[in-house]
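**Q** starting from these lines, generate the structure:
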Amino acid sequence: MRARDSSVNTLRRSSPAYRTGGFWLALALLLTLAPRLSYADLTTARQAMEDQANPLMLMTTSQGAIYVELLANEAPDNVARFIELAEGQVEFFDEVANATFTPRYYDGMRFHRVLPDFVIQGGSPSYHPLGAPEPMLADEINAIALGLDRLPVLNEDGSINPMLNVGNQEEFAQRVLEPLYRELGVETVSELDSAEDDIVTNLRGLTVMRLYEYEGYAYRSDLQTRGTSRGTVALANDGPNRNGPEFFIALRNADWLNGRHTVIGRVVEGMDIADRIGGMAIDPTAFNPQSSVIYSIRRLN
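**A** Take a look at the predicted model:
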């Protein structure tokens, strides 16, 4: 698999520090000087696995070790890509150096986004000198297995299903009404007036699954899918079928993420480390030297 960099990363790599190898030198020093970690119990991690045939990954961080069981049968393509990125099997072409690299993608990256009691997020291409791998991968989600085909957008009393995590009328218009209008072909005020009855009828019968399909999500019935709960490892994205290297670990149950993020694994040991990483909020828009470092991610079996 071959990947090209984005413009933002091209600009970053045109800096003198990058051209002189400053990034790679800093990364080498970081990994060399990393403190000896108190590893979680590998035996306990293996015992906690649902399927011993699943890949078991060791995520070594500046706070300690996190063991992750990848769910190869539930998201085969995205799990395979995650392993390939971690083990340096994905090619990146650097236009500045006019050379191809196969880095262990996650080594030296940070948890750049932390929302305490919610998620810790890492692997952003915006913080990697080689950018994002291409192509982006499709979602691997079974909405029916998640029960989204049975969840109404509106409850019987007319209130909005809390599953949607909609906080106000403006957000309701953006998240629910606009996709519905597009699906019904409503583009003008006059069309809106004439289609009012159809809109009300469709809104009353609208399920969460159908709403997400209006937004562009496409679901698969041949895969099993689990919801986002504490310890879930899933892929971050900026829309349907936009899965890259960025991932998050859920620190709490978050069913409002169900159907919108491909779940690739679960923490089987070291959740206390994830909680420690999640103890301080990290703003993703600005580099924070106090953010936790991912030294490496390696497969153990």
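
**Q** quick one: contacts for Ile297?
**A** Counting by Cβ atoms under 8 Å, 6 or more residues apart in numbering, Ile297 touches Met57, Leu58, Met59, Thr60, Ala86, Arg104, Tyr106, Asp107. Quick note: C-beta positions are derived from backbone N, CA and C, even for glycine.

**Q** partners of it in the sheet?
**A** Counting by DSSP bridges, Ile297 is bridged to Met59.

**Q** just to revisit the earlier point, adding distance to Ile277, neighbour count and pLDDT, write the contacts of Ile297 out as JSON lines.
**A** Shown next, in JSON lines, are the contacts of Ile297 (distance: Cβ to Cβ, whole Å; neighbours: other Cβ atoms under 10 Å; pLDDT from 0 to 100):
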{"residue": "Met57", "distance to Ile277": "16", "neighbour count": "24", "pLDDT": "98"}
{"residue": "Leu58", "distance to Ile277": "15", "neighbour count": "20", "pLDDT": "98"}
{"residue": "Met59", "distance to Ile277": "10", "neighbour count": "24", "pLDDT": "98"}
{"residue": "Thr60", "distance to Ile277": "12", "neighbour count": "22", "pLDDT": "97"}
{"residue": "Ala86", "distance to Ile277": "18", "neighbour count": "25", "pLDDT": "99"}
{"residue": "Arg104", "distance to Ile277": "20", "neighbour count": "17", "pLDDT": "98"}
{"residue": "Tyr106", "distance to Ile277": "14", "neighbour count": "24", "pLDDT": "98"}
{"residue": "Asp107", "distance to Ile277": "17", "neighbour count": "19", "pLDDT": "98"}
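
**Q** ok, those residues vs Gln174, which is closest?
**A** Closest to Gln174 out of the contacts of Ile297 is Tyr106 (33.5 Å), distances taken as Cβ to Cβ.

**Q** ok, Arg266 touching Gly231?
**A** Yes: with contacts defined as Cβ atoms under 8 Å, Arg266 counts as touching Gly231 at a distance of 5.3 Å.

**Q** same list, the contacts of Ile297, but as JSON lines with distance to Asp157 please.
**A** As requested, the contacts of Ile297 are exported to JSON lines (distance: Cβ to Cβ, whole Å):
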{"residue": "Met57", "distance to Asp157": "45"}
{"residue": "Leu58", "distance to Asp157": "49"}
{"residue": "Met59", "distance to Asp157": "44"}
{"residue": "Thr60", "distance to Asp157": "50"}
{"residue": "Ala86", "distance to Asp157": "47"}
{"residue": "Arg104", "distance to Asp157": "53"}
{"residue": "Tyr106", "distance to Asp157": "46"}
{"residue": "Asp107", "distance to Asp157": "52"}
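
**Q** neighbour count for Arg266 and Gly231, which is higher?
**A** Shown here are Arg266 and Gly231; by other Cβ atoms under 10 Å, Arg266 has more neighbours (24 against 20).

**Q** which one of the contacts of Ile297 is nearest Arg150?
**A** Proximity of these to Arg150, judged by Cβ to Cβ, is greatest for Met57, which lies at 33.6 Å.

**Q** contact partners for that closest one?
**A** By Cβ under 8 Å, 6+ apart, the contact set of Met57 is Tyr67, Val68, Glu69, Leu70, Ile83, Ala86, Gly265, Ile297, Arg298, Arg299, Leu300.

**Q** which residues of the stretch 101-250 of the chain fall in helices?
**A** Taking DSSP state H, counting those that start in this stretch as the test, the helices found in the stretch 101-250 of the chain are 169-172, 178-184, 189-194, 196-205, 208-214.

**Q** of all those helices, which one is nearest His112?
**A** Among the helices of the stretch 101-250 of the chain, the nearest to His112 by Cβ to Cβ is helix 169-172 (25.3 Å).

**Q** tell me the mean pLDDT for that closest one?
**A** On average, the pLDDT along helix 169-172 is 92.

**Q** tell me how many other residues surround Arg81.
**A** If you count neighbours by other Cβ under 10 Å, Arg81 ends up with 22.

**Q** try the one 3 residues further on
**A** When neighbours are defined as other Cβ under 10 Å, Glu84 has 16 of them.

**Q** give me phi/psi at it?
**A** For Glu84, the backbone dihedrals (degrees, to the nearest 10) come out as phi -60, psi -40.

**Q** tell me the spacing between the spatially closest residue to it that is not a sequence neighbour and Asn241.
**A** Leaving aside its sequence neighbours, Glu84 sits nearest to Val90 (Cβ to Cβ, 6 or more residues apart in numbering; 5.1 Å). Remark: distance between Val90 and Asn241 (Cβ to Cβ, to the nearest Å) = 18 Å.

**Q** now Arg276
**A** Between Arg276 and Asn241 the distance, using Cβ to Cβ, works out to 33 Å.

**Q** how about the closest residue in space to Arg175 that isn't next to it in sequence, what does it touch?
**A** In space, and not counting its chain neighbours, Arg175 is closest to Val166: 5.7 Å by Cβ to Cβ, 6+ apart. Shown in contact with Val166 (Cβ under 8 Å, 6+ apart): Ile160, Phe172, Arg175, Val176.
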